[in-house]
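Asker: Using only what follows, build the 3D model:
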Amino acid sequence: MAMQVPTIGTNWSGNTGKYQLTPLLKLDTYEIFKEFMNNENSFLIDVDTMEDANDDGHKWAMASQTHLRELMSKCLEDRADAQRRAAAARSSVVSNFDVHVAAQKAIERLLQIQAKLPEVRASRPQQQSTTYSRSFGQEVK
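Answerer: As a prediction, the model looks like this:
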């Protein structure tokens, strides 16, 4: 995208800010990526189905191969649109993902997490800490 080349990506997950996960600390984990890939600066592949990635509820998006082929053809057939999107992608990356902008977003995100920590800690049940001796496996208090 930064090289101003037409970009094709799945319309799901971090690159678009779409996800089906429980966000960390009840905050929008992918907030900073909502401005990354979109229909103005990229070609987004439709998702055919969602498949379980693991037992934690994470999902894999299965991209439409038919739509991918259509988008690849569109890039070749409508080069003006492809170049327009590529230019928009470069502009977006330069203005939103410059190292200074990214650092500021990271700081803001860490501050959000820090502000939520007391609430998260208070909502957790108190656990008794037990330490075990490594050599004998006996409880040490």
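Asker: CA only for contacts and neighbour counts going forward, please
Answerer: Noted.
Asker: Quick one: the helices in the protein, in order.
Answerer: Using DSSP state H, the helices of the chain run over 65-77, 79-96, 99-123.
Asker: Nearest to Asp55, out of those helices?
Answerer: Smallest distance to Asp55 across these (CA to CA): 23.5 Å, for helix 99-123.
Asker: Pull out the buried positions in the closest one.
Answerer: Buried residues in helix 99-123, counting neighbours by 16 or more other CA atoms under 10 Å, are found at Lys105, Arg109, Ile113.
Asker: I'd like those written out as CSV, with distance to Thr7 and pLDDT added.
Answerer: Putting the buried residues of helix 99-123 into CSV (distance: CA to CA, whole Å; pLDDT from 0 to 100) gives the following:
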residue, distance to Thr7, pLDDT
Lys105, 24, 82
Arg109, 27, 85
Ile113, 32, 88
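Asker: Could you point out which of the residues you listed is nearest to Glu119?
Answerer: Nearest member of the buried residues of helix 99-123 to Glu119, counting by CA to CA, is Ile113, at 10.3 Å.
Asker: And Gly9, how far from Ala106?
Answerer: As judged by CA to CA, to the nearest Å, Gly9 and Ala106 stand 24 Å apart.
Asker: what's the answer for Met37, then?
Answerer: Here Met37 is placed at a distance of 19 Å from Ala106 (CA to CA).
Asker: now swap in Pro125 and tell me
Answerer: In this view, Pro125 and Ala106 are 30 Å apart by CA to CA.
Asker: What's opposite the residue lying closest to Ala53 once chain neighbours are set aside in the beta bridge?
Answerer: Take Ala53 and drop its neighbours on the chain: the residue closest to it by CA to CA, 6 or more residues apart in numbering is Lys59, 4.9 Å away. Lys59 has these beta-bridge partners by DSSP bridges: Asp52.
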